[in-house]
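Participant: take this sequence and fold it.
(one chain, ligands or ions: 1)
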Amino acid sequence: MENIIIIGSGLAGLSTAIELLDKGRGVTILERYKVVGGRCADWVADGMRVESGLHRWLGFYKALPRLFEHAGLNPDDAVIWEDELEIRLPDGGPRGVLGLAPLHRPVQTVAGLLGNNDLISPAEKAQLTYMFTAGLLDYTLSKKELDQNTVYDYARKRGVSEEAITNMLIPVTEGIFFLPPERYSAMVLMGLLMPGVKRPHTIRVGSFSGGMTEVMCGPISEAIVRRGGGLQLDTTVERLAVEDGRVRGVYVNGELIEADHVVLATSLGAAQNLIRDGLGDHAWFQKMLSLPTMPAVTLQIELDEPALPEDHVVFSPKTVLASYAEQSRTTFRDVPGRLSIDMGQPEKFIGQPPETIFAAALADLKRVGIDIEGKVRRYRVVDHPQDFYLLTTGAESLRPPQATPIPGLTLAGDYTKQGLFCSMEGAVISGQRAARAVDRAMARG
Ligand SMILES: Cc1cc2nc3c(=O)[nH]c(=O)nc-3n(C[C@H](O)[C@H](O)[C@H](O)COP(=O)(O)OP(=O)(O)OC[C@H]3O[C@@H](n4cnc5c(N)ncnc54)[C@H](O)[C@@H]3O)c2cc1C
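Facilitator: Predicted coordinates for the structure are as follows:
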């Protein structure tokens, strides 16, 4: 049987592997770390269990549950539906809990929309309804034009007040993907909302019932191995073996590992480095090489008791806390208190000493009424320097498709073309598309 090497065991690599195994093809995944999952992993860092960052599973995801089912797993075992989110403004500002499940919690969802008037006035609700209706229509009619607007500019053009932008739009841009409305593409925001608008009954939000390697990527990779796929951890691909214009394999520890086809399923920064070395002059890759990256920084704190009365996601605009959640009743049940924070302004915090990041978070936690001083057992910072593509205006046109013009090479990963941007769902879809591209290329010979 042929050997297809997949570089990277994130959701894109795992999804590519499952789909290719379904097609009867032979695969081996090479992963540089000792755990599978990439940006959906958990592991032990200096004695404390950490995760790659706070993740939320959205009810309208279809490809991700399908990946579980292909691996013989039940997605319901991995998710705990929370179906709500909280917005907490600092310095005594308003707060509100919004239901996020029209089918499963209709009363709370409707009450949240009609109430919370101190967070957002009825007039501002009307402004936002108008903006989102126009935005979704523009997304349907012309994604390209919409991608020329930042969320901030688009909202101002549609008459949304500064206060409504702060209270409601920062949570859905900076809260979800660390970028403020002034930099975030309006096309990305509308694109993320579109699947929920098309199927409103599927809108839900859930957390994981354990670490993401434990309940998702680990069991999926075990299914891959049971079905005959190979998985080599702690194996860094140093470069692609490019010969006579085709990819013939990869180099690991200076040794060539030959392959019939290679799927590059790393995050954007790592993919750009591997492409630069060997294919950097090729015209087709120039757009991908100029696609800007953005970092993410997360802070994870173990506590003597829960920091919050509920495990649900919280957004705090005007602070460094882009989104955060207590997790001791859901994902990390073996500790009495566990707070996971995705930091806002990651460019400012990336590479900073953990004490600096902790001090900044502690100060802003106090401003939103959460005092954890004296209850902290330990904390860790997990950085992602170049893992995301920048969700800014114009970036969409630089994203590459999965199929490349280079024989023997296919791309996968959340930065490659698919409609769900930097998300778990987007990564899985990219893997499905990559598998189809590989299958077509192999059939051509
Ligand atoms: C803090 C944070 C919060 C997030 N929140 C959400 C959320 O709430 N909901 C959501 O849907 N998504 C969320 N995401 C996004 C989601 O995690 C990613 O979109 C998805 O996991 C990307 O998967 P991937 O397979 O494309 O890339 P990755 O998961 O990055 O996988 C790439 C793999 O390639 C490996 N690799 C890299 N270079 C090499 C090499 N040279 N040799 C061998 N292996 C290599 C890496 O180690 C990694 O395992 C979040 C991400 C982060 C970091």
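
Participant: need the next SSE after the lowest-mean-pLDDT helix or strand in the chain, C-terminal direction.
Facilitator: Every helix and strand in the chain was compared by mean pLDDT, DSSP states H and E; the lowest is helix 106-114, with a mean of 79. Using DSSP states H and E, the helix or strand that directly follows helix 106-114 along the chain is helix 122-141.

Participant: CA atoms of the next helix or strand after that next one as CSV?
Facilitator: Sequence-wise, the next helix or strand downstream of helix 122-141 (DSSP H and E) is helix 143-146. Extracted as CSV, the C-alpha positions of helix 143-146 are listed here (Å, rounded to 0.1, in the frame of the first residue of the first chain):
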residue,chain,number,x,y,z
LYS,A,143,-17.9,38.5,0.5
LYS,A,144,-15.1,40.3,-1.3
GLU,A,145,-16.6,43.8,-0.8
LEU,A,146,-17.6,43.0,2.8
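
Participant: work out the gap between helix 143-146 and the centre of the chain.
Facilitator: 23 Å (Cα atoms, centre = their mean, to the nearest Å).

Participant: with stretch 203-223 instead?
Facilitator: Mean-position distance between stretch 203-223 and its chain equals 14 Å (Cα atoms, centre = their mean).

Participant: kindly export that stretch (C-alpha atoms) in PDB.
Facilitator: Once non-C-alpha atoms are left out, stretch 203-223 reads as follows in PDB (Å, rounded to 0.1, in the frame of the first residue of the first chain):
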ATOM      1  CA  ILE A 203     -27.300  27.400  18.000                       C
ATOM      2  CA  ARG A 204     -25.700  26.100  21.300                       C
ATOM      3  CA  VAL A 205     -22.400  26.600  23.100                       C
ATOM      4  CA  GLY A 206     -20.500  23.900  24.900                       C
ATOM      5  CA  SER A 207     -17.300  23.200  26.700                       C
ATOM      6  CA  PHE A 208     -15.200  20.000  26.800                       C
ATOM      7  CA  SER A 209     -15.900  17.300  29.300                       C
ATOM      8  CA  GLY A 210     -12.200  16.800  29.800                       C
ATOM      9  CA  GLY A 211      -8.900  17.900  28.300                       C
ATOM     10  CA  MET A 212      -9.000  18.100  24.500                       C
ATOM     11  CA  THR A 213      -6.400  15.400  24.000                       C
ATOM     12  CA  GLU A 214      -8.100  13.200  26.600                       C
ATOM     13  CA  VAL A 215     -11.700  13.400  25.200                       C
ATOM     14  CA  MET A 216     -11.100  14.200  21.500                       C
ATOM     15  CA  CYS A 217      -7.800  14.100  19.800                       C
ATOM     16  CA  GLY A 218      -6.400  11.100  21.700                       C
ATOM     17  CA  PRO A 219      -9.400   8.800  21.100                       C
ATOM     18  CA  ILE A 220      -9.500   9.900  17.400                       C
ATOM     19  CA  SER A 221      -5.800   9.100  17.000                       C
ATOM     20  CA  GLU A 222      -6.200   5.700  18.700                       C
ATOM     21  CA  ALA A 223      -9.000   4.900  16.100                       C
END
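
Participant: which parts of that stretch are buried?
Facilitator: 203-221, 223 (16 or more other Cβ atoms under 10 Å). For glycine as for every other residue, the C-beta is placed from the backbone atoms N, C-alpha and C.

Participant: before we move on, what about stretch 104-120?
Facilitator: 105, 108, 109, 112, 116, 119, 120.

Participant: how about the strands in the stretch 101-250 of the chain?
Facilitator: Remark: strands assigned in the stretch 101-250 of the chain by DSSP state E, counting those that start in this stretch are 205-208, 230-232, 239-243, 246-252.

Participant: cool, and the stretch 251-400 of the chain?
Facilitator: With strands called from DSSP E, counting those that start in this stretch, the stretch 251-400 of the chain shows them at 255-258, 261-264, 293-303, 313-315, 321-326, 337-343, 376-389.

Participant: burial count for residue 315?
Facilitator: Per other Cβ atoms under 10 Å, the neighbour tally for residue 315 reads 24.

Participant: OK, contacts around it?
Facilitator: Residues counted as contacts of residue 315 (Cβ atoms under 8 Å, 6 or more residues apart in numbering) are 85, 86, 87, 88, 170, 171, 175, 322, 323.

Participant: against residue 425, how distant is it?
Facilitator: Separation of residue 315 from residue 425 (Cβ to Cβ, to the nearest Å) stands at 20 Å.

Participant: and the chain, which residues reach the ligand?
Facilitator: Contact residues (Cβ under 6 Å from any ligand atom) of the chain with the ligand: 7-13, 30-33, 38-40, 52-56, 236-237, 265-267, 270, 296, 298, 342, 384, 387, 413-414, 422-427.

Participant: I'd like to know how many residues surround the closest residue to residue 296 other than its chain neighbours.
Facilitator: Leaving aside its sequence neighbours, residue 296 sits nearest to residue 384 (Cβ to Cβ, 6 or more residues apart in numbering; 4.2 Å). Residue 384 has 21 neighbouring residues, counting by other Cβ under 10 Å.

Participant: and if you look at the one 3 residues further on?
Facilitator: In terms of burial, residue 387 registers 24 neighbours under the definition other Cβ under 10 Å.

Participant: pull out the buried residues from stretch 350-366.
Facilitator: The neighbour-count check on stretch 350-366 (16+ other Cβ under 10 Å) flags 350, 352, 357, 358, 360, 361, 362, 364, 365 as buried.

Participant: so which of the residues you listed sit within helices?
Facilitator: The helices, defined by DSSP state H, take in 357, 358, 360, 361, 362, 364, 365 from the buried residues of stretch 350-366.

Participant: so which of the residues you listed comes closest to residue 163?
Facilitator: Closest approach to residue 163 among these (Cβ to Cβ): residue 364, at 19.6 Å.

Participant: now that closest one: closest residue in space that isn't a chain neighbour?
Facilitator: Counting by Cβ to Cβ, 6+ apart, residue 364 lies nearest to residue 319, which is 3.9 Å off, once chain neighbours are set aside.

Participant: tell me the domain boundaries of this structure?
Facilitator: In the domain annotation for the chain, the residue ranges read 4-32+235-291+392-444, 41-99+204-209+293-387, 101-200 (automatic domain parsing).

Participant: now, of these, which is deepest in the fold?
Facilitator: Compared across those, domain 4-32+235-291+392-444 shows the largest average neighbour count, a mean of 21 (mean count of other Cβ atoms under 10 Å).
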